[in-house]
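**Q** task: produce atomic coordinates for the following.
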Amino acid sequence: MAKYDETVVSEHDGIQELDNQLPRWWVILFKSSIVFAVLYMLWFHVLGLGDGQEQKYATLKAQAEAAQAARQSDLIASMDLSSPSSLAEVVNEGSNIYQANCASCHHSTARGLIGPNLTDAYWIHGADFEDNMQVISKGVLSKGMQAWESSLSLRQRHAVASYLYSIRGSNPPDPRAPEGELIEGSDSPSYDL
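**A** Below you'll find the model as predicted:
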């Protein structure tokens, strides 16, 4: 009679399945992970005591938005909005905003289409930089120009006005006829009327 081996659980096709003990460290780790999973589920999902991923994301997003708003307010506070900027990045940003929002009425070269020519020495609502900022911000509804203060930030409006100031006197081809008052001391381009 063959001796019965207690470690053999089953045998199929000459392959024996043994009932060996698992290493003690592995069993402790396995049981610990089960306890951790139960505690984690209770803490975060049942009792709601800990911040989940969505709350952490919302908190970090709010902190980032507050930091960005603080940086922008510091930038605006340090900017002189009463005079045009000569920084290339500000003028380039203004050019991009102008092309996206203003070129449909004033042409891509600002020579004027529906709206007036913005490159000549004739101005309807004042030629000072502050006047340009005011017109961009509040618009001229009687002439069909919308107010941009609700859709462009103060920094963006300043960039557009700085860009317009930088292209004054550029004398684009086929400009619209002058409108408004001639501003003394400005070089006005000649027009073939």
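
**Q** could you use CA atoms for every contact and neighbour count after this?
**A** Noted.

**Q** Lys61: which element?
**A** Lys61 belongs to helix 53-78 when elements are defined using DSSP states H and E.

**Q** tell me which helix or strand comes right after that helix.
**A** Per DSSP H and E, the first helix or strand lying C-terminal to helix 53-78 is helix 88-101.

**Q** would you mind writing the CA trace of the helix or strand following that following helix as PDB?
**A** Heading C-terminal from helix 88-101, the first helix or strand you meet, by DSSP H and E, is helix 103-106. The C-alpha atoms that make up helix 103-106 are tabulated as PDB, following Å, rounded to 0.1, in the frame of the first residue of the first chain:
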ATOM      1  CA  ALA A 103     -10.100  93.600 -39.000                       C
ATOM      2  CA  SER A 104     -13.500  92.700 -40.300                       C
ATOM      3  CA  CYS A 105     -14.600  96.400 -39.900                       C
ATOM      4  CA  HIS A 106     -11.200  98.300 -40.100                       C
END
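
**Q** check which helices and strands the helix or strand following helix 103-106 sits against.
**A** Sequence order places strand 122-123 as the next helix or strand after helix 103-106, per DSSP H and E. On a contact count with 3 or more C-alpha pairs under 8 Å, 6 or more residues apart in numbering; DSSP states H and E, strand 122-123 meets strand 181-182.

**Q** can you list the strands that the strand it packs on pairs with?
**A** Note on strand 181-182: by DSSP bridges, its sheet partners are strand 122-123 (antiparallel).

**Q** what mean pLDDT does the partner strand have?
**A** Mean pLDDT, computed over strand 122-123, is 86.

**Q** contacts for it?
**A** Taking contacts as C-alpha atoms under 8 Å, 6 or more residues apart in numbering, the residues outside strand 122-123 that touch it are Pro178, Glu179, Gly180, Glu181, Leu182, Ile183, Ser188.

**Q** which among those gets closest to Asn171?
**A** Asn171 has its nearest neighbour among the contacts of strand 122-123 in Ser188, at 8.6 Å by C-alpha to C-alpha.

**Q** what about Trp123, neighbour count?
**A** Residues lying near Trp123 (other C-alpha atoms under 10 Å) number 20.
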